[in-house]
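Enquirer: starting from these lines, generate the structure:
(one chain, ligands or ions: 1)
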Amino acid sequence: MINIPIQIDFKDKVVVVTGAGGVICGTMARAFAQCGAKVAALDLNEEAVKKLADELKAEGFICEGYKANVLDADALEEVHQKVLADLGKCDILVNGAGGNNPRATTDNEYQHEAKEGGKSFFDLGADGVDFVFKLNFQGTLLPTQAFAKDMVENKSGCILNISSMNAYTPLTKIPAYSAAKAGISNFTQWLATHFAGTGIRCNAIAPGFLVSAQNKALLFNEDGTPTERSKKILNSTPTHRFVDADELLGATLFLCDDKSASAITGVVLPVDAGFSAYSGV
Ligand code: NAD
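Expert: Predicted structure coming up:
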């Protein structure tokens, strides 16, 4: 059981969460289940979502785990049909699968600091950049095409995307991930507008800096001490702290609740301990 900061009843709502095998979306999937939802946990990592589903079922909650690649439209439609049969039509979709990749990351923050033998901006390959763009952007678009059909039929529903701090101002070293997440903030507004007449709301949260598998190497040295980048993040956060995954739950559940957030669509809500508000001075 995790502590949920706000009590919202999602009883009988079918909530589809992509990336539910990961840190953030696994926590979100669990929170929805604890709030009474019927959760479909989707991830490329089948073992992780089956484990999550088994744990939740053992605790008396409703969750099914499905192997799903958010970049494969046909496979997503197959999973959609399974979710329909197992749980029913999708009411809420959380597009959580995403992330950066070392192939789209430079070694140096600034070109004038590039070292011989290191990976500079000029060494970034199109494949790595393409991978990150696809995972974050198409990985949000394709599941939305598969699952928002149910919401259009129901004339109600909610989509929650995951943007990032780097959507506001790009972070050094990760140009593709920054641009792709800026695309997600933009696409959130586009979807909110596009679906405005159907009863579907679409919002995003922009998490601040969490420690997870995908960014651990950027934040901590092998001996566990904080990297220079980690120190910079904390110095750029007025509260001098990282954000915990469970601190995203209040915003997540609130934005997905039709009663609390009935007039909220097209927003990107930072949950960032103040990072995006601070000029550094
Ligand atoms: P994570 O790596 O723990 O989880 C990501 C999950 O997505 C993994 O379980 C992975 O297997 C899955 N995945 C990857 N490719 C997939 C694919 N093609 N199809 C289906 N599933 C796939 O990362 P996280 O930190 O929990 O991140 C979740 C979301 O939050 C991502 O969109 C990430 O970009 C975003 N985010 C993370 C942070 C952070 O600091 N960790 C900050 C802002 C935004």
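Enquirer: the helix or strand of the chain with the lowest mean pLDDT close to the ligand?
Expert: Of all regular secondary-structure elements in the chain, judged by mean pLDDT, DSSP states H and E, the least confident is helix 216-219 with a mean of 82. No: between helix 216-219 and the ligand, judged by Cβ under 6 Å from any ligand atom, nothing touches; the nearest distance is 8.9 Å. In this view, the C-beta of every residue, glycine as well, is placed from N, C-alpha and C.
Enquirer: tell me what that helix is packed against?
Expert: Helix 216-219 sits against helix 228-235, with contacts defined as 3 or more Cβ pairs under 8 Å, 6 or more residues apart in numbering; DSSP states H and E.
Enquirer: contact partners of the helix it packs on?
Expert: Residues from elsewhere that reach helix 228-235 (Cβ atoms under 8 Å, 6 or more residues apart in numbering): 209, 218-220, 226, 240-242, 275, 280.
Enquirer: for those, which one is nearest the ligand?
Expert: Relative to the ligand, the closest of these is residue 209; by Cβ to the nearest ligand atom it sits at 5.3 Å.
Enquirer: report the contact partners of that closest one.
Expert: Taking Cβ under 8 Å, 6+ apart as the criterion, residue 209 is in contact with 165, 215, 219, 233, 237, 242-243, 272, 275.
Enquirer: ok, now with 7 Å
Expert: Residue 209 makes contacts with 233, 242-243, 275, as judged by Cβ atoms under 7 Å, 6 or more residues apart in numbering.
Enquirer: mind putting the residues you listed in JSON lines, pLDDT, neighbour count and distance to residue 174 included?
Expert: Compiled in JSON lines, the contacts of residue 209 are given as follows (pLDDT from 0 to 100; neighbours: other Cβ atoms under 10 Å; distance: Cβ to Cβ, whole Å):
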{"residue": "233", "pLDDT": "93", "neighbour count": "21", "distance to residue 174": "13"}
{"residue": "242", "pLDDT": "93", "neighbour count": "16", "distance to residue 174": "17"}
{"residue": "243", "pLDDT": "95", "neighbour count": "21", "distance to residue 174": "18"}
{"residue": "275", "pLDDT": "98", "neighbour count": "23", "distance to residue 174": "15"}
